[in-house]
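>>> sequence isn't available, so here's the structure alone:
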């Protein structure tokens, strides 16, 4: 912009005494005290178009007056005045000391009353002006807000310049001589400035409300994590039923128990206990699994959808979710690969277990598929008159989910029992250890997944977490081959 | 899989009287002995659909009685519930005239490997 160009040029002429953070064109002979801050630091409310206007007017006046030789001096004296070219003339005569800040408004002369009241709004820090007759208000407010209370000297400059005001008199005639193009451009600039002011205001408001919301969320999150589980009901605003919340809590406790049982199994195997002692440990582990199946049965009654959608599992586990839990045939396949001291008879037995499990899973999946199709039909077919009835029917069908989850868990349980039957006690102990380790690694994978490096990511915090997780995964050595 | 609506089968006066006099449980037993694999089901029940799919998947051809489509199905249902001692009875499976039970019993017997020998014994499965 032209004015900026001028400003840069002018700035370079300013001596060190002119100590300001000015980045726009200021006629360089303004003798302001060092701590004058011309710019409204809060934002872009200094409008370049006003300055441009001022300079345009200046040019026009110069052209009209043909007083080029006095240009420099006139500029000196009229400089500050020309910053506010559209001020009504009478203001120029009045002492503007009281007009600087709100607190000085007591001093106001009659002519300054309006000025001071306008200043009040600016003094409160709102640099965003309401859309008012653009020619007078914004420029004056801008000008006023640009001034530091301590610009006494500036005021004095203005006050002691009757000449510029006289020039102003002639200048007001000059105003009317603006060509249409300039006027249009100035008007456009004003409009653009007004728009950007409004946009800024909206943005600031949005930021403020977002900050408040963020603080609220952080508070809730802290509360929830400190208590170790997600709070049910409407407190956190989440859609977690009390049954689901209870299950999540119990499941977390079950996971802790699982760690304990796992280490017991590990030490029991390493210690080479007798078969009968080992049997006790293995049976305890089976009872531990029975426990989770019981918990799931209770949870299925209160919130089958919570179970079947797998929200209670970690992300990686959720990838392999089948009917609210692990798929038994997948587990058997994994075990077949990992358990290497099997007799041929055992291998045959495990293969047929895998096959039966697959058939059972297929049957249950097809049953669930029919339930879903039936539900879709019910929801889609509800007529306007009959909505409540259809909703009731749909709800009834949804409760059928519970029986499928129950059958699926039953299948899982039976599969584990059958593995226990096929294997020797030592093999069974290894088998359960393998299962436990497998799921431990799957959960670790979930943590790694959650903390994987992404661009909007605070590298320090989470790379720590990631490396910690990696250590966790790698620390448990290849236990599978030890026994 | 063949479906039977029992009342349609023998529709003469004497049979009707005979059927009317029969205790529902006896009817159940009689029906169950009629085929190698008998499933008492409800047409709207999805778990019943699952058990049917299970047997068909194994290559078995069960006889299915949809009790909700049978005029006297309600009594049969009640009799079966009493037999199993369980509220949600359907589906109920009989193999070789012998009661296997509801879905969980069928699944458990399949997993522990007892279902296939039972089917073979009843002649429902070859191989």
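Right, received. Where do you want to start? Values in this document were obtained by computation on a predicted structure and should not be read as measured data. Numbers count the residues shown, from 1 in each chain, chains lettered A, B, ... in the order given.
>>> name the element residue B:93 belongs to?
strand B:92-95 (DSSP states H and E).
>>> who's in contact with residue B:73?
Neighbouring residues of residue B:73 by CB atoms under 8 Å, 6 or more residues apart in numbering or on different chains: B:65, B:66, B:67. All C-beta atoms are positioned from the backbone trio N, CA, C, and that covers glycine.
>>> just to revisit the earlier point, the strand holding residue B:93 packs against which elements?
strand B:37-41, helix B:73-84, strand B:98-101, helix B:115-122 (3 or more CB pairs under 8 Å, 6 or more residues apart in numbering or on different chains; DSSP states H and E).
>>> list the neighbouring strands of it plus their orientation.
strand B:37-41 (antiparallel), strand B:98-101 (antiparallel) (DSSP bridges).
>>> which SSE is immediately downstream of the helix or strand hosting residue A:307?
For residue A:307, the element it lies in under DSSP H and E is helix A:275-308. Helices and strands here follow DSSP H and E; after helix A:275-308, the next one along the chain is helix A:315-319.
>>> what about the longest helix in chain A?
helix A:180-226 (DSSP state H).
>>> looking at chain B, what residue ends up closest to chain A?
Closest to chain A within chain B is residue B:50: 2.7 Å, counting by CB to the nearest CB.
>>> list the contacts of that residue.
A:363, A:364, A:366, A:367, A:368, A:370, A:404, A:407, B:103.
>>> ok so, going back, out of the contacts of residue B:73, which is most surrounded?
Most neighbours among the contacts of residue B:73, by other CB atoms under 10 Å in any protein chain shown: residue B:67, with 26 neighbours.
>>> which residues does that residue contact?
B:40, B:41, B:42, B:73, B:74, B:76, B:77, B:90.
>>> and the pLDDT for residue B:89?
Per-residue pLDDT puts residue B:89 at 70.
>>> now swap in residue A:106 and tell me
45.
>>> confidence score at residue A:101?
pLDDT, read off for residue A:101, is 43.
>>> now swap in residue A:59 and tell me
pLDDT, read off for residue A:59, is 66.
>>> look up how far residue A:259 lies from the closest residue to chain B within chain A.
Closest residue of chain A to chain B, CB to the nearest CB: residue A:367 (2.7 Å). Here residue A:367 is placed at a distance of 35 Å from residue A:259 (CB to CB, to the nearest Å).
>>> the two - which one has more neighbours?
residue A:367 (25 against 11).
>>> the more buried one: what's it in contact with?
When contacts are taken as CB under 8 Å, 6+ apart, residue A:367 is in contact with A:404, B:46, B:47, B:49, B:50, B:51, B:53.
>>> and the residues you listed, which of them are in helices?
A:404, B:46, B:47, B:49, B:50, B:51, B:53.
>>> compare the contacts of residue B:67 and tell me which is most surrounded.
residue B:40 (26 neighbours).
>>> is it true that that residue touches residue B:76?
Yes - counting by CB atoms under 8 Å, residue B:40 touches residue B:76, with 6.9 Å between them.
>>> shared neighbours, these two?
Joint contacts of residue B:40 and residue B:76 (CB under 8 Å, 6+ apart) are B:28, B:65, B:67.
>>> against which helices or strands is the helix or strand that contains the second one packed?
Using DSSP H and E, the secondary-structure element containing residue B:65 is strand B:63-66. Applying 3+ CB pairs under 8 Å, 6+ apart, one finds that strand B:63-66 makes contact with strand B:2-3, strand B:37-41, helix B:73-84.
>>> tabulate these (JSON lines), appending mean pLDDT and distance to residue A:438.
Listed next are these as JSON lines, based on pLDDT from 0 to 100; distance: least, CB to CB, whole Å:
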{"stretch": "strand B:2-3", "mean pLDDT": "75", "distance to residue A:438": "44"}
{"stretch": "strand B:37-41", "mean pLDDT": "95", "distance to residue A:438": "37"}
{"stretch": "helix B:73-84", "mean pLDDT": "90", "distance to residue A:438": "37"}
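>>> make CSV from the ones you listed and add distance to residue A:452 to it.
Supplementary listing: the helices and strands packed on strand B:63-66 in CSV, determined by distance: least, CB to CB, whole Å:
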stretch, distance to residue A:452
strand B:2-3, 55
strand B:37-41, 49
helix B:73-84, 51
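>>> quick one, which of these is nearest to residue A:432?
helix B:73-84 (32.9 Å; CB to CB).
>>> so residue A:359 touches residue B:54, yeah?
Yes - with contacts counted by CB under 8 Å, residue A:359 reaches residue B:54, the gap being 6.4 Å.
>>> okay, and the helix or strand of chain B with the least pLDDT?
The helix or strand of chain B with the poorest confidence is helix B:6-9; it has a mean of 43 (mean pLDDT, DSSP states H and E).
>>> residue numbers of chain B in contact with chain A?
With CB under 8 Å from any CB of the partner chain as the criterion, chain B comes near chain A at residues B:44, B:46-47, B:49-51, B:53-54, B:57-58, B:88, B:103-104, B:107-108, B:110-113, B:115.
>>> list only buried entries from those.
Taking 16 or more other CB atoms under 10 Å in any protein chain shown as the criterion, what is buried in those is B:46-47, B:49-51, B:53-54, B:58, B:103-104, B:107-108, B:110-111, B:115.
>>> now do the shared contacts for residue A:359 and residue B:54.
With CB under 8 Å, 6+ apart, residue A:359 and residue B:54 have common neighbours residue B:110.
>>> settle this for me: residue A:241 is touching residue A:305, isn't it.
No - applying CB under 8 Å, one finds residue A:241 not in contact with residue A:305, separated by 9.1 Å.
>>> please report how far the residue positioned nearest the centre of chain B lies from residue B:54.
Central residue of chain B (CA atoms, centre = their mean): residue B:39, 2.6 Å from the mean position. The spacing between residue B:39 and residue B:54, counted by CB to CB, is 10 Å.
>>> for residue A:253, same thing?
Taken as CB to CB, the span from residue A:253 to residue B:54 is 35 Å.
>>> do the same with residue B:46
13 Å.
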